[in-house]
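Asker: fold the following.
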Amino acid sequence: MVTVAICWATRQLLDRHAADPATVDWGWESMAVHVVLRYGSGADAEALLPVFLDAPAQRDHLVPVFARHGDLTMAERLLEAGIEAGRIREGVPPEVLHAVGYLGCESAERILWEHVDGPHHASRSACLGLLHLSCRGLRTEIAEALEHHAGANLFPEFLPVLATMTGDPSWRARLVEWGEGGASTDCNGGLFQGLALHGAAARADFVRALWSSRWEANGGGTGSDRWAYAGTRVLGLGMPELYADLLARLDSDASGATGKRHGIDTFAALLGHWTYRDWLGLRMAPDPEESSEALYRLLFAWSTPSVNDSLTGRAHRVLEPGDPLIAGLHHLETLLLREARHELELRTITSN
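Answerer: Numbering: from 1, shown residues only. Next up, the predicted model:
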């Protein structure tokens with residue numbers, strides 16, 4: 001039997017929790033978990049599960065590790081520990097619902113559905129979990145719930161991600177109408193994702209929504225930017241293609257100053273998520289194919305030493321002096337360069 005060693009970041013998590021859990025601050029734990037998500041394995045998930053179960057309310061950051069590196073057996077253990085009488089136990093983070101669905105635990109289908117019309121975090125986790133299950137026994141109920149909420153200003157935000165589960169292709173156009181009509185931008189993250197899940201047929205609709213100020217894909221406060229970015233991953237829209245769209249808008253007189261600023265803001269929001277590479281928890285949203293180096297050269301290199309036609313150079317020509325978006329782009333340039341260096345370091349280390 002081959003024993004798989006846990007990664008160094010997991011060892012640090014275990015040691016710090018064992019020594020003094022009070023010293024494990026949120027920022028450090030988030031960083032460590034990010035590393036485990038990217039480079040860990042099932043052994044890391046197994047090692048961290050007892051730590052989580054010992055104090056689940058304080059260790060919700062660990063749940064993505066169980067989804068990313070766990071298996072069906074782990075999903076069943078999470079269900080056993082986290083669910084009582086069909087409801088999530090008090091003190092157990094609702095992200096567990098997402099994890100058990102992500103791991104393909106079909107027996108949890110009804111439990112997840114019962115949480116869809118609940119508090120926001122539980123509803124989101126349940127919907128994202130159901131997205132990874134067959135939902136064969138829920139088709140009618142999902143359709144009825146969507147019909148009930150369609151066109152509403154406020155609604156269970158992630159219910160629209162289940163639209164394709166109904167088997168009714170007309171929901172693609174209805175999601176567009178919903179987003180452009182009554183839906184609050186506080187609630188359109190699920191509309192972005194639900195639209196993207198309709199695949200190639202929805203690609204043009206999604207791109208129009210992405211650049212529309214009505215949809216606010218630049219909305220960091222509402223989370224719309226995160227789920228708009230997730231939608232680009234589902235549809236395979238790479239940053240080079242999105243950058244080409246942005247440049248066309250910046251070169252078009254039809255966009256106007258406001259439209260051009262919104263385009264830069266939206267692209268910057270998407271680039272921020274690309275750079276940070278947070279785990280989305282969606283099997284249908286693979287990681288980007290382009291390297292950080294290639295993207296850095298595309299966005300921030302000058303074509304000639306005397307002409308700054310990079311993203312920041314173009315932004316300087318379009319935006320007012322002192323616009324905070326310019327500083328934000330310079331920050332993203334630094335982060336992307338750092339990520340490119342990190343990729344080079346990894347290639348150097350692993351090739352030796």
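Asker: when you work out contacts or count neighbours from here on, use the C-alpha atoms and nothing else.
Answerer: Fine.
Asker: residue ranges for the strands of this protein, please.
Answerer: Along the chain, counting by DSSP state E, strands occupy 83-84, 87-88.
Asker: strands paired with the last one, and their directions?
Answerer: Think strand 87-88. Partner strands for strand 87-88, per DSSP bridges, with pairing direction: strand 83-84 (antiparallel).
Asker: could you find the closest non-adjacent residue to residue 159?
Answerer: Leaving out its chain neighbours, the residue that sits closest to residue 159 by CA to CA, 6 or more residues apart in numbering is residue 127, at 6.2 Å.
Asker: tell me the confidence at that neighbour?
Answerer: According to the prediction, residue 127 has pLDDT 98.
Asker: quick one, helices of the stretch 51-200 of the chain?
Answerer: With helices called from DSSP state H, counting those that start in this stretch, the stretch 51-200 of the chain shows them at 63-69, 72-82, 95-102, 109-113, 120-130, 139-149, 171-180, 189-196.
Asker: any chance of a markdown table for those, columns distance to residue 10?
Answerer: As requested, the helices of the stretch 51-200 of the chain are arranged in a markdown table below (distance: least, CA to CA, whole Å):
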| stretch | distance to residue 10 |
| --- | --- |
| helix 63-69 | 10 |
| helix 72-82 | 17 |
| helix 95-102 | 19 |
| helix 109-113 | 29 |
| helix 120-130 | 25 |
| helix 139-149 | 39 |
| helix 171-180 | 41 |
| helix 189-196 | 32 |
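Asker: tell me how far the spatially most central residue of the chain lies from residue 129.
Answerer: The residue lying closest to the centre of the chain (CA atoms, centre = their mean) is residue 280, at 3.5 Å. Between residue 280 and residue 129 the distance is 12 Å, computed by CA to CA, to the nearest Å.
Asker: repeat that for residue 135.
Answerer: Noted for residue 135: a distance of 11 Å to residue 129, by CA to CA.
Asker: please apply the same query to residue 246.
Answerer: 33 Å.
Asker: and what of residue 175?
Answerer: Noted for residue 175: a distance of 20 Å to residue 129, by CA to CA.
Asker: kindly report the same for residue 172.
Answerer: 21 Å.
Asker: in terms of neighbours, single out the busier of the two.
Answerer: Neighbours per residue (other CA atoms under 10 Å) separate residue 172 from residue 129, with residue 129 holding more: 27 against 24.
Asker: where are the low-confidence patches of the stretch 251-352 of the chain?
Answerer: 352 (pLDDT under 70).
Asker: nearest to residue 231, out of the helices of the stretch 51-200 of the chain?
Answerer: Minimum separation from residue 231 across these (CA to CA) falls at helix 189-196, 5.1 Å.
Asker: what helices or strands is that closest one leaning on?
Answerer: helix 171-180, helix 203-211, helix 224-235 (3 or more CA pairs under 8 Å, 6 or more residues apart in numbering; DSSP states H and E).
Asker: for it, which outside residues touch it?
Answerer: With contacts defined as CA atoms under 8 Å, 6 or more residues apart in numbering, helix 189-196 is touched by 157-164, 172, 175-176, 179, 202-203, 205-206, 223-228, 230-232, 234-235.
Asker: tell me which residue lies farthest from the centre of this structure.
Answerer: In the chain, by CA atoms, centre = their mean, residue 306 is the one farthest from centre (38.4 Å).
Asker: does residue 16 touch residue 24 like I think?
Answerer: Yes - using CA atoms under 8 Å, residue 16 is in contact with residue 24, at 6.5 Å.
Asker: residue contacts, residue 79?
Answerer: Residue 79 neighbours (CA under 8 Å, 6+ apart): 96, 100, 108.
Asker: try residue 140
Answerer: residue 166.
Asker: kindly state the pLDDT recorded for it?
Answerer: Note for residue 140: predicted pLDDT of 97.
Asker: give me the distance between it and residue 290.
Answerer: Distance from residue 140 to residue 290, by CA to CA: 40 Å.
Asker: same question, residue 44
Answerer: To residue 290, residue 44 is 28 Å away according to CA to CA.
Asker: what about those two, which has more around it?
Answerer: Set side by side, residue 44 and residue 290 show more neighbours around residue 44, with 24 against 11, by other CA under 10 Å.
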